[in-house]
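Enquirer: quick one, what's the 3D model for this:
(one chain, ligands or ions: 1)
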Amino acid sequence: MKARPPHTPPSNLPFDTERLRAQDRHWIHPWENLKTIDTIERTIIAQAEGIYVYDSDGNKLIDGPGGMWCVNIGHGNGEIADAVAEQIRRMSYFSPWSLSNPPAAELSEKLAELAPGDLNHVFFTTGGSTAVDSALRFVMYLNNCLGRPEKKHIISRQDAYHGGTYLSASCSGKVRDKIHLDFETGFIHHLPSPNPYRRPEGMSVEDFCDAKVADLENKILELGADKVAAFIAEPILASGGVIVPPPGYHAKCLEVCRKYDVLTIADEVVTAFGRLGHFFASEAVFGVVPDIITVAKGITSAYVPLGAILISDRLIEQLRGEQAENGYFASGFTYSGHPVACAAALKNIEIMERDKILEHVREVGPYFQERLRSLAEIPVVGEVRGMGLMGCVECVIGRDSKDPLVLDYEIGARIDRHCQALGLIVRPLINMCVMSPPLIITRSQIDDLVAILRTGIERAMEEVRQEGLWDG
Ligand code: PLP
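Expert: Residues are numbered from 1 along each chain as shown. As a prediction, this is how the structure comes out:
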């Protein structure tokens, strides 16, 4: 990986944090607990460069989650800033309906070139949720056009996360997120999680894999193959806690889907654009070419919002031409193919290729995993898992019972608090801490990250011990 060009971000640190916090109370954040909206004291991130961010008081912290698994080439890249500014000056926006624009046209060709197999068609969206939503609507459209309107059921999995719109959220399978909202349950179904860590006592990983593939086949048979439209799956269940399904799982699931004419949607919103060392993980890492891939986040390294779905020629072939019986795919967004977002994506991809960032991830990824796994010796840690530059440390009350620290439901948040004081932002998920740092992270920065995380976990562990919540 080449060194990044020097870039000095404008600085107006420190801010008046108290004033900002008071202003911030008007903002209903994602997953906000409205009971505590008047009292919550968030860290305010005001500036960022490389793998580091600065809070409004001027404290420097390592960006452990890479924003939200999305700041792939790192913060404060001047080349992307220039590309975005140039595009805004040239033409900031025009309608994507009956017209096109150069960055979107160029990016769609580039994505088709990078995508696996025959996924040569691109439908632009505004982010990951709208990508998943659009993929599901495309599948419905396809089956309606092909004269099989009853083929509508979607199979997803527990622990999956697919987004915050009604359809994508309905496909998500995180139990805690389902408590106070309504979801589509008529045609969306969830299989048990393919989490090998929580497989039944005494079962081998191979048998567990076969059992999870059998879950899929049985669900298709139960619903009727003529009624099942698609199976949607993240290659690695990211927000569910970086769950890496057992080896061979994706290939076997694809086989089952092909057998019953069920489409496969790979939700690569997190795994695409380098997190596992490849532009797309489906084929390069898991050996499968799905029918549809959804992407967002790393496509622009989060400099501006953009999402897309990639659709195979095989599907488009069934819809195009004189003999096709269909009409419009009446779906899309004002900002589909937004020229500024597409210009950012093109520059982002150019930088990744030029600076060999994917090669860098393939080189440091194993080191990151090895260092992170050294935390498994801490008594409160049940498992450390991950792949590439995605990792998760899961805390449990007892290593044998594998109980999450239910007495202290928010152990992840405690660890995050201690880590922030030490200079690291953690993404806490109940009893887990997930890590997905910017892809440009170096070995010595990985050492710093893991050292702080170790101390943060140890301090949180000591705290719950002293509070009598854990006696490990
Ligand atoms: N799909 C996956 C796998 C995700 O992790 C996310 C977000 O974290 C989404 C979809 C939704 O993306 P967005 O938040 O950009 O709408």
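Enquirer: biggest helix in the chain by residues?
Expert: Using DSSP state H to assign secondary structure, the helix with the most residues in the chain is helix 443-466.
Enquirer: quick one: distance of that one to the chain centre.
Expert: Averaging C-alpha positions (Cα atoms, centre = their mean, to the nearest Å) puts helix 443-466 24 Å from its chain's average.
Enquirer: do you know how far the residue of the stretch 101-250 of the chain found nearest the ligand is from E18?
Expert: Distances from the stretch 101-250 of the chain to the ligand, computed as Cβ to the nearest ligand atom, single out G128 as the nearest residue at 2.1 Å. Every C-beta, even on glycine, is put in place using the N, C-alpha and C of the backbone. In this structure, G128 lies at 34 Å from E18, with Cβ to Cβ, to the nearest Å as the measure.
Enquirer: repeat for D226
Expert: Computed with Cβ to Cβ, the distance linking D226 and E18 is 61 Å.
Enquirer: who has more neighbours, G128 and E18?
Expert: Counted by other Cβ atoms under 10 Å, G128 and E18 do not tie: G128 has more neighbours, with 30 against 10.
Enquirer: and I28, how many residues sit next to it?
Expert: 9.
Enquirer: SS state for it?
Expert: coil (DSSP: H, G, I helix; E, B strand; the rest coil).
Enquirer: ok, E268 touching A281?
Expert: Yes - the pair E268 / A281 is scored as a contact, 6.2 Å apart, by Cβ atoms under 8 Å.
Enquirer: which neighbours do those two have in common?
Expert: P235 (Cβ atoms under 8 Å, 6 or more residues apart in numbering).
Enquirer: helix or strand for the closest residue to K252 other than its chain neighbours, which one?
Expert: Ranked by Cβ to Cβ, 6 or more residues apart in numbering and with sequence neighbours excluded, the top spatial neighbour of K252 is V213, at 4.3 Å. V213 is part of helix 205-223, with elements assigned from DSSP states H and E.
Enquirer: who are the contact partners of the residue nearest the centre of the chain?
Expert: The chain has V270 as the residue nearest its centroid, 2.9 Å off, counting by Cα atoms, centre = their mean. With contacts taken as Cβ under 8 Å, 6+ apart, V270 has the following neighbours: 69, 234, 236, 238, 297-298, 390, 436.
Enquirer: ok, the worst-scoring helix or strand of the chain on mean pLDDT: who's next to it in the sheet?
Expert: Least confident element among the helices and strands of the chain, by mean pLDDT, DSSP states H and E: strand 427-429 (a mean of 90). In the sheet containing strand 427-429, its partner strands are strand 432-435 (antiparallel), by DSSP bridges.
Enquirer: for the stretch 251-400 of the chain, which residues are neighbours of the ligand?
Expert: The stretch 251-400 of the chain comes close to the ligand at residues 267, 269-270, 296, as judged by Cβ under 6 Å from any ligand atom.
Enquirer: do the same with the stretch 51-200 of the chain
Expert: On the criterion Cβ under 6 Å from any ligand atom, the ligand has as its neighbours in the stretch 51-200 of the chain the residues 68, 127-129, 132, 161-164.
Enquirer: could you dump those to JSON lines with pLDDT?
Expert: Listed next are these as JSON lines, based on pLDDT from 0 to 100:
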{"residue": "M68", "pLDDT": "97"}
{"residue": "G127", "pLDDT": "98"}
{"residue": "G128", "pLDDT": "98"}
{"residue": "S129", "pLDDT": "98"}
{"residue": "V132", "pLDDT": "98"}
{"residue": "Y161", "pLDDT": "97"}
{"residue": "H162", "pLDDT": "98"}
{"residue": "G163", "pLDDT": "97"}
{"residue": "G164", "pLDDT": "96"}
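Enquirer: in these, find the pair that's most separated.
Expert: M68 and V132 (15.4 Å; Cβ to Cβ).
Enquirer: of these two, who's got more company?
Expert: Residue environment comparison for M68 versus V132 gives the larger neighbour count to V132, 31 against 15, counting by other Cβ under 10 Å.
Enquirer: got the contact list for that one?
Expert: The neighbourhood of V132, defined by Cβ under 8 Å, 6+ apart, consists of 162-163, 165, 167-168, 171, 232, 265, 267, 269, 294.
Enquirer: find the nearest non-adjacent residue to it, please.
Expert: What sits nearest to V132 in space, not counting adjacent residues and going by Cβ to Cβ, 6+ apart, is S168, at 3.9 Å.
Enquirer: again with G164
Expert: Using Cβ to Cβ, 6+ apart and skipping the chain neighbours, the partner closest in space to G164 is S129 (5.0 Å).
Enquirer: ok so, going back, quick check, pLDDT for the residue nearest to K252.
Expert: The per-residue pLDDT reported for V213 equals 98.
Enquirer: Provide a list of residues in contact with it.
Expert: Remark: with contacts taken as Cβ under 8 Å, 6+ apart, V213 is in contact with 249, 252-253, 256.
Enquirer: picking up where we left off before, would you turn the contacts of V132 into CSV with neighbour count, secondary structure and distance to D55?
Expert: Rendered in CSV, the data for these read as follows (neighbours: other Cβ atoms under 10 Å; DSSP: H, G, I helix; E, B strand; the rest coil; distance: Cβ to Cβ, whole Å):
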residue, neighbour count, secondary structure, distance to D55
H162, 29, coil, 31
G163, 23, coil, 28
T165, 18, coil, 31
L167, 22, helix, 36
S168, 25, helix, 31
C171, 29, helix, 35
I232, 26, strand, 37
I265, 29, strand, 38
D267, 31, strand, 32
V269, 29, coil, 27
T294, 31, strand, 32
